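Asker: this one's structure only:
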Ligand SMILES: N[C@@H](CCC(=O)N[C@@H](CS)C(=O)NCC(=O)O)C(=O)O
């Protein structure tokens, strides 16, 4: 099997996509956490791995893949483990998977996530954070705005990566322009309603076609389209949006998918991984901040936890 190394942050949306694909394929890989909460994605060592300064990135023989879509395409093509996540586009099921992947990838998850962090009244039941951390959400806007300054400082400090940091600033500015307008955020949430109507209908269709209750989005087998749906449901649940998008009464089949996905081995591995690696992150923070009272550190770590989520 090819030597693979995944750079990722356990709670990041796109990292989860890559991780789930690796787990589903039962792939062996080395790993390195890039701690977004500490801004490691903008450190020169990581900008050398990927000038985009984003996670995930997958080192494969001869190159580094720097987009979750390229990563999952590579894994499915190159790892012959007998498990296929992306069926051939020559088949009907392959075309369906492709269509769903495109729809999921068209979502602007950063604006959806940060939009709800900015305008918390948009969350149905509240963002799932321990109560002592809720206050930190009040500074969500401020913290996003500071990001620009941080990137500018990096651009000045590391001339060899200046161009890449300026590119990041431009992406940041475009995102902020959308986020500053609550109506735009609401528009994204409305578009999700339409998507979830389509998901519910498709789940019903597939169930009828397959004649079984435990089918997935496009068929009896779990595919890349399902991985996309898993990460989306997972994120919306964190944002306290189940009530709007998937409850037993409003979209029962999507809700059923949400319940079933948690029993899947890959999803359990993902959760376990998050717990295990969270300890590593805390360990790294402790090492850097020995004189800091441990209790305070716990709070800080928690605050950074959601900041990590906020960055996608
Ligand atoms: N299109 C990329 C997006 C990657 C991305 O935006 N990752 C986020 C975390 S989910 C990130 O690294 N954010 C940190 C930053 O932009 O500084 C992919 O699919 O991999």
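Answerer: Here it is on my side, so go on. Only a predicted model underlies this, so the values are computations on that prediction, with no experimental measurement involved.
Asker: can you list the weak-confidence ranges in the stretch 151-300 of the chain?
Answerer: For the stretch 151-300 of the chain, applying pLDDT under 70 flags the ranges 281, 285, 288-300.
Asker: the helices in it, which residues?
Answerer: 162-179, 182-210, 224-238, 242-245, 252-261, 265-288, 294-310 (DSSP state H, counting those that start in this stretch).
Asker: need the ones you listed in a markdown table (columns: mean neighbour count).
Answerer: Where you see a C-beta, it was placed from the backbone N, CA and C, and this is true even at glycine. Below are the helices of the stretch 151-300 of the chain laid out as a markdown table (neighbours: other CB atoms under 10 Å):
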| stretch | mean neighbour count |
| --- | --- |
| helix 162-179 | 16 |
| helix 182-210 | 15 |
| helix 224-238 | 23 |
| helix 242-245 | 18 |
| helix 252-261 | 18 |
| helix 265-288 | 14 |
| helix 294-310 | 16 |
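Asker: tell me which of those helices sits nearest to the ligand.
Answerer: helix 162-179 (6.4 Å; CB to the nearest ligand atom).
Asker: quick one: end-to-end distance for stretch 209-223.
Answerer: Counting by CA to CA, to the nearest Å, you get 17 Å between the two ends of stretch 209-223.
Asker: about what we covered before: would TSV of the helices of the stretch 151-300 of the chain with distance to residue 120 be doable?
Answerer: Shown next, in TSV, are these (distance: least, CB to CB, whole Å):
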stretch	distance to residue 120
helix 162-179	13
helix 182-210	11
helix 224-238	13
helix 242-245	14
helix 252-261	22
helix 265-288	23
helix 294-310	12
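Asker: quick one: closest of those to residue 105.
Answerer: Nearest to residue 105 among the helices of the stretch 151-300 of the chain is helix 224-238; the distance by CB to CB comes to 7.5 Å.
Asker: would you convert the helices of the stretch 151-300 of the chain into a markdown table that also reports distance to the ligand?
Answerer: Output for those, formatted as a markdown table (distance: least, CB to the nearest ligand atom, whole Å):
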| stretch | distance to the ligand |
| --- | --- |
| helix 162-179 | 6 |
| helix 182-210 | 16 |
| helix 224-238 | 10 |
| helix 242-245 | 20 |
| helix 252-261 | 19 |
| helix 265-288 | 14 |
| helix 294-310 | 8 |
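Asker: distance of the closest residue to residue 78 other than its chain neighbours from the ligand?
Answerer: In this structure, residue 78 finds its nearest non-sequential neighbour in residue 2, 6.1 Å apart by CB to CB, 6 or more residues apart in numbering. Using CB to the nearest ligand atom, to the nearest Å, residue 2 is found at 19 Å from the ligand.
Asker: pretty sure residue 216 sits against residue 222.
Answerer: Yes: if you go by CB atoms under 8 Å, residue 216 and residue 222 touch, sitting 5.1 Å apart.
Asker: OK, contacts around residue 179?
Answerer: Residue 179 makes contact with 111, 114, 115, 118, 144, 185, according to CB atoms under 8 Å, 6 or more residues apart in numbering.
Asker: who's in contact with the residue nearest in space to the middle of the chain?
Answerer: Among the residues of the chain, the one closest to the centroid is residue 13, at 0.3 Å (CA atoms, centre = their mean). With contact set as CB under 8 Å, 6+ apart, residue 13 has these partners: 109, 113, 231, 235, 312.
Asker: 10 Å instead, please
Answerer: Applying CB atoms under 10 Å, 6 or more residues apart in numbering to residue 13 gives the contacts 55, 68, 107, 109-110, 112-113, 231-232, 234-235, 238, 309, 311-312.
Asker: go on, residue 266?
Answerer: Going by CB under 10 Å, 6+ apart, the list of residues near residue 266 reads 19, 20, 21, 22, 23, 24, 25, 26, 222, 226, 227, 230.
Asker: same thing but at 7 Å, please
Answerer: 20, 23, 24 (CB atoms under 7 Å, 6 or more residues apart in numbering).
Asker: check whether residue 54 really touches residue 41, as I assumed.
Answerer: Yes: using CB atoms under 7 Å, residue 54 is in contact with residue 41, at 6.3 Å.
Asker: so which of the contacts of residue 266 belong to helices?
Answerer: The helices, defined by DSSP state H, take in 20, 23, 24 from these.
Asker: how many residues are close by the first one?
Answerer: The criterion is other CB atoms under 10 Å. On that basis, residue 20 has 26 neighbouring residues.
Asker: in the stretch 1-150 of the chain, which spans are helices?
Answerer: 13-24, 44-49, 68-78, 92-105, 109-118, 140-157.
Asker: quick one: closest of those helices to residue 256.
Answerer: helix 92-105 (17.6 Å).
Asker: sorry, back to before: using CSV, please lay out the helices of the stretch 1-150 of the chain together with distance to residue 276.
Answerer: Converted to CSV, the helices of the stretch 1-150 of the chain look like this (distance: least, CB to CB, whole Å):
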stretch, distance to residue 276
helix 13-24, 12
helix 44-49, 21
helix 68-78, 21
helix 92-105, 27
helix 109-118, 24
helix 140-157, 27
